[in-house]
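In: Okay, sequence plus prediction incoming.
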Amino acid sequence: MKRIELLAPAGSYESFQASIEAGADAVYLGGRLFGARAYAANFSDEELLAAIDYARLRNIRLYLTVNTLIKENEMDDLYEALLPLYERGLEAVIVQDLGAVSFIRRNFPDLRIHASTQMSITDTPAIQFLSDSGVSRVVLARELSLAEIHRIRRETDMEIECFVHGAMCYCYSGRCLFSSMLGGRSGNRGRCAQPCRLPYKLKGRQGYYLSLKDMNTLPILPELIESGITSLKIEGRMKKPEYTKGVTAMYRKYIDRYYALREKMTDGRELKWEVTREDLDYLNYTYSRSGSGTGYYNERNGADMISAAKPGYGYAQGSDFQTPRKGELPLQSDEGIGRTRITGTARLKLGQPASLTVSDGVRFASAKGEIVTEAKKHALDEDQISARLRKTGNTPFIFDTLEIPVDPGIYCSVKGLNELRRQALDKLSEQILDAAARKKPDYTPLTQSHTVRLIEPRDFAVTVLTKEQLAEVTRKDWINKVTLEPELWADPDKRETYAEEIRGSAKKLFLALPYILRRETYNKLNNPGNLSMIRNADGILVRNLEELQWMKDIGYHGKIESDAGLYAWNKESRSFLRNAGVGTDTAPFELNRKELPRRGVSGSAMVLYGYQPLMITAQCAEKTADACHKKPGVTFIEDRYHKKFSIRNCCPFCYNIIYNSVSLCLFGDYPELREMDFASFRLDFTTEDAEETGAVLSLFERLRESGEAGKLLRESGLLYTRGHYGRGVE
């Protein structure tokens with residue numbers, strides 16, 4: 001049986017060594033650039049190279065996080081950052097940016113790519129899509145259940161990695177704009193300010209309603225292992241080495257216990273699993289945010305997953321809690337953990353040089369030492385020689401077996417034996433590192449054009465969520481494209497009416513797909529009526545990788561646009577989406593007026609207005625506050641500055657959307673934007689009623705024809721933000 005991988009975090013070199021000493025099979029870490037934990041200590045370039053060697057010699061796999069979104073002017077830095085690590089033998093990179101996927105595949109062909117959890121992979125279509133794109137492992141979204149993971153494992157051969165311990169983001173896999181829009185610190189760039197850990201008022205009550213409890217899956221570890229996943233991932237690159245060592249050691253203990261129990265279960269009996277209170281207390285003592293649970297593995301959402309009381313850190317609760325002694329791990333240590341087991345043969349023949357041959361099972365290294373002489377006083381026997389040669393100390397190696405044919409009555413100095421061992425192990429180390437080294441690859445720039453020249457008039461597009469909004473939109477002749485949110489077009493009683501209304505006003509009909517696509521949503525969208533709507537529409541707006549693959553699976557050949565959440569921060573990612581069939585991408589919300597032209601805007605859509613979605617979450621605010629009523633609607637949370645954020649319950653697809661407290665409005669920047677080569681300008685309507693919708697449309701209509709945008713905006717009384725168009729993010 002192939003054993004599951006235990007993957008530990010390392011935010012510093014000290015944490016890296018601690019994780020290996022505690023029994024990790026693999027470690028993930030970040031360098032100075034491109035890692036989604038900008039405030040971790042992270043690794044210098046020299047430390048990264050040393051870590052690659054350190055891990056390789058101990059048969060530990062090392063993965064580098066390259067999981068931020070990458071600006072156009074940073075792509076050249078990516079090549080320079082990865083080159084020495086690639087040549088040194090780096091195992092794999094963990095990637096979020098689609099442009100980085102294609103860039104790495106082209107320039108570092110032997111480097112394995114793991115799709116970050118921030119890609120929010122929720123089902124097998126996206127896994128197939130990424131497999132076709134050269135990805136070798138997928139880190140699934142943390143919102144999936146055990147049942148879903150079991151099914152995914154049956155449907156794909158891709159390596160699957162899942163988080164099993166640590167902090168949880170409130171939104172799907174950390175794809176969050178909350179910190180970015182409120183304070184300019186982008187979670188997509190590793191600088192999250194964690195607004196989800198702050199208090200909010202919900203349904204008249206104050207609490208920490210966006211703060212999820214930490215994950216601890218020791219109680220369900222057998223179920224996770226038996227799901228067939230490849231790797232168990234511990235969260236925590238921002239945490240101290242003591243946390244890394246303690247949590248890794250505890251999971252090592254219980255993984256080994258599982259396999260030991262499983263080997264004994266030869267008669268089909270059910271495995272009896274128990275995690276001691278002492279060990280659970282130890283994990284809570286190491287680090288806990290107001291308690292813990294098993295995350296989403298056995299629960300879709302709910303108030304018991306939330307730390308509604310102030311999320312503190314530290315000790316477990318309960319009168320029988322026993323505080324562990326500082327630095328103590330409640331498990332037996334194994335001197336072989338974090339070291340490569342080797343075999344050896346030493347030969348000591350009278351009158352000949354002493355020799356030692358060592359092997360890691362793949363490579364062999366030999367060394368010769370001083371001449372073996374006849375003993376004058378005390379002869380060396382096999383046990384004495386073995387004891388001295390086995391003292392591998394701080395080396396990466398430990399002997400499993402050591403054969404020592406010895407002539408009787410011989411002598412070799414302690415210094416000579418030590419030098420013999422050192423030379424043999426040094427030669428083996430050199431062979432191991434040489435075998436992992438790679439030749440410098442040629443730099444291959446992007447040759448495919450990322451631009452699409454406009455061959456038709458620019459679109460003025462509007463996205464609508466309600467029939468009242470639609471009624472206002474169809475009255476405006478200057479609007480030539482309407483995108484229906486799925487709550488409208490998937491309604492079997494009204495969708496034909498809505499489609500006829502749009503076509504009757506001489507506008508193109510586009511259909512937006514859901515923000516999250518899990519299997520139950522596929523089943524809804526795959527009914528004949530919905531498939532007919534999709535095939536007869538003028539185009540589709542996709543929002544995740546599942547939908548891109550699904551369009552292929554159903555044989556769709558019409559126009560495909562990608563929304564802002566399918567991030568296209570650079571020319572590489574735009575090219576990636578073009579090759580995947582996307583005709584028009586949507587400009588990212590976090591790039592500013594200087595960065596957008598650098599990545600190119602030809603063929604892109606630009607959102608000029610709308611309440612931007614800060615979070616898409618599997619949690620349900622209604623259920624947290626009261627109960628799930630299974631009725632779509634809008635509720636609000638209020639922060640400590642009395643700003644109100646609307647939360648839309650998307651019950652047909654079982655997720656919530658938290659919108660910004662004020663709408664994006666770039667009407668004042670329209671004269672500048674009009675000079676750029678955007679394919680379309682878009683206005684998104686979400687929670688607006690008919691009157692508000694009409695007022696916004698009329699305002700833009702006047703601004704298009706006026707040179708006094710600032711004055712008209714002030715007179716309108718509209719509360720708005722320019723988002724990141726002026727400021728951007730670091």
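Out: Happy to help now that I have it.
In: can we go C-alpha only for contacts and neighbour counts from here?
Out: Fine.
In: Look up phi and psi at residue 656.
Out: Backbone dihedrals for residue 656, given as degrees, to the nearest 10, come out at phi -110, psi 150.
In: residues touching residue 59, list them.
Out: 339-340 (Cα atoms under 8 Å, 6 or more residues apart in numbering).
In: separation between it and residue 578?
Out: The gap separating residue 59 from residue 578 is 40 Å, by Cα to Cα, to the nearest Å.
In: For residue 374, which non-adjacent residue is closest in space?
Out: residue 410 (4.6 Å; Cα to Cα, 6 or more residues apart in numbering).
In: and the nearest residue to residue 574 once chain neighbours are set aside, which of the three is it?
Out: Nearest residue to residue 574 in three dimensions, chain neighbours excluded: residue 568, at 5.4 Å (Cα to Cα, 6+ apart). When classified by DSSP: H, G, I helix; E, B strand; the rest coil, residue 568 comes out as coil.
In: Retrieve the pLDDT associated with residue 568.
Out: As predicted, residue 568 sits at a pLDDT of 97.
In: And residue 333, by the same measure?
Out: Residue 333 is assigned a predicted lDDT (pLDDT) of 48.
In: ok, now which ones touch residue 638?
Out: For residue 638, the residues meeting the contact criterion (Cα under 8 Å, 6+ apart) are 200-202, 644-645.
In: you'd agree the residue nearest to residue 374 is up against residue 372?
Out: Yes - in this structure residue 410 lies within contact range of residue 372 using Cα atoms under 8 Å: 6.6 Å.
In: if I look at the two, which residues touch both of them?
Out: The contact lists of residue 410 and residue 372 share 348-350, where a contact means Cα under 8 Å, 6+ apart.
In: Show me what stretch 697-706 is in contact with.
Out: Applying Cα under 8 Å, 6+ apart, the contact partners of stretch 697-706 are 473, 667-668, 670-671, 709, 712-713, 716.
In: hmm, 10 Å instead?
Out: Among residues not part of stretch 697-706, those counted as contacts by Cα atoms under 10 Å, 6 or more residues apart in numbering are 462, 472-473, 476, 478-479, 608-609, 665-668, 670-671, 674, 683, 692-693, 695-696, 708-713, 716, 718.
In: tell me which element residue 225 falls in.
Out: Using DSSP states H and E, residue 225 sits in helix 221-226.
In: what's downstream of that helix, the next helix or strand?
Out: The first helix or strand that comes after helix 221-226 along the chain, using DSSP H and E, is strand 231-234.
In: Could you list every helix and strand that that next one packs against?
Out: Contact analysis of strand 231-234 by 3 or more Cα pairs under 10 Å, 6 or more residues apart in numbering; DSSP states H and E lists strand 5-10, strand 26-29, strand 137-139, strand 159-166, helix 221-226, helix 241-264 as its packing neighbours.
In: Mark which of the contacts of stretch 697-706 are buried, thanks.
Out: The neighbour count (16 or more other Cα atoms under 10 Å) marks 462, 472-473, 479, 608-609, 665-668, 670-671, 683, 693, 696, 709, 712-713, 718 as buried among these.
In: So which of the residues you listed sit within helices?
Out: 472-473, 670-671, 693, 696, 709, 712-713 (DSSP state H).
In: Looking at the residues you listed, point me to the pair that's furthest apart.
Out: Considering Cα to Cα, no two members of those lie farther apart than 472 and 671, which are separated by 24.5 Å.
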